[in-house]
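> Predicted model follows, preceded by the sequence.
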Amino acid sequence: MKKFIQYFLKDQKRRYAVLFALTLLTGFLEGTGFLLLLPLLSLSVVGANASQGFLSKITDYLSSTLGLQSLERILVIYVILILAIGWVKYIQSILIQKLRFDAEHRLRTSLFESFLRAEYAHLTSQR
């Protein structure tokens, strides 16, 4: 298993590190988007007793810290966040495809080289 992992990491360590960083960035952005839903929902509730509870404290903190008092501002930030998540996932999928293609190319090349170096006298005697 160790040789298998080393074979795929050969000459690709930087790409795998970038892929890992993009995965962490995607998780952070999605978590931020989920957290941004709290002020959005608190602004959409009109007339309810929203000034009690743990979620209202989080919402008040986010609103005062980030300046998210208006629905328009929250929606604009949320749309920008969703676009950023889509862009990061697009770059991530391109990088994954490049890694797959390179690994497949190396495996095919190795297989063809093995066939070319094979001793066919030994193979014909195996019949």
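In hand now; what should we look at?
> So for stretch 89-109, what gets flagged as buried?
89, 92 (16 or more other Cβ atoms under 10 Å). (Each C-beta comes from the backbone N, C-alpha and C, glycine too.)
> how about the helices in this protein?
Applying DSSP state H to the chain gives helices spanning 2-9, 13-44, 54-66, 71-117, 120-125.
> May I ask you to confirm that Glu30 is in contact with Ile85?
Yes: judged on Cβ atoms under 8 Å, Glu30 makes contact with Ile85 at a distance of 6.1 Å.
> So those two - more neighbours on which side?
Neighbour count, other Cβ atoms under 10 Å: between Glu30 and Ile85, Ile85 has more, with 18 against 15.
> Let me see the contact set for the more buried one.
26, 29-30, 33 (Cβ atoms under 8 Å, 6 or more residues apart in numbering).
> Closest to Leu75 out of those?
When these are ranked by distance to Leu75 (Cβ to Cβ), Gly33 comes first, at 12.2 Å.
> CA-only coordinates of stretch 28-43 in PDB, if you can.
In PDB, the C-alpha atoms belonging to stretch 28-43 read as follows (Å, rounded to 0.1, in the frame of the first residue of the first chain):
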ATOM      1  CA  PHE A  28     -14.700  26.900   5.300                       C
ATOM      2  CA  LEU A  29     -16.800  28.700   2.700                       C
ATOM      3  CA  GLU A  30     -19.700  26.300   3.100                       C
ATOM      4  CA  GLY A  31     -19.500  26.600   6.800                       C
ATOM      5  CA  THR A  32     -19.500  30.400   6.500                       C
ATOM      6  CA  GLY A  33     -22.500  30.200   4.200                       C
ATOM      7  CA  PHE A  34     -24.400  28.100   6.700                       C
ATOM      8  CA  LEU A  35     -23.500  30.500   9.500                       C
ATOM      9  CA  LEU A  36     -24.700  33.400   7.300                       C
ATOM     10  CA  LEU A  37     -28.100  31.900   7.100                       C
ATOM     11  CA  LEU A  38     -28.700  32.700  10.800                       C
ATOM     12  CA  PRO A  39     -28.900  36.500  10.300                       C
ATOM     13  CA  LEU A  40     -30.900  36.000   7.100                       C
ATOM     14  CA  LEU A  41     -33.500  33.900   8.900                       C
ATOM     15  CA  SER A  42     -33.600  36.300  11.900                       C
ATOM     16  CA  LEU A  43     -34.300  39.200   9.600                       C
END
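> Appreciated, that's everything.
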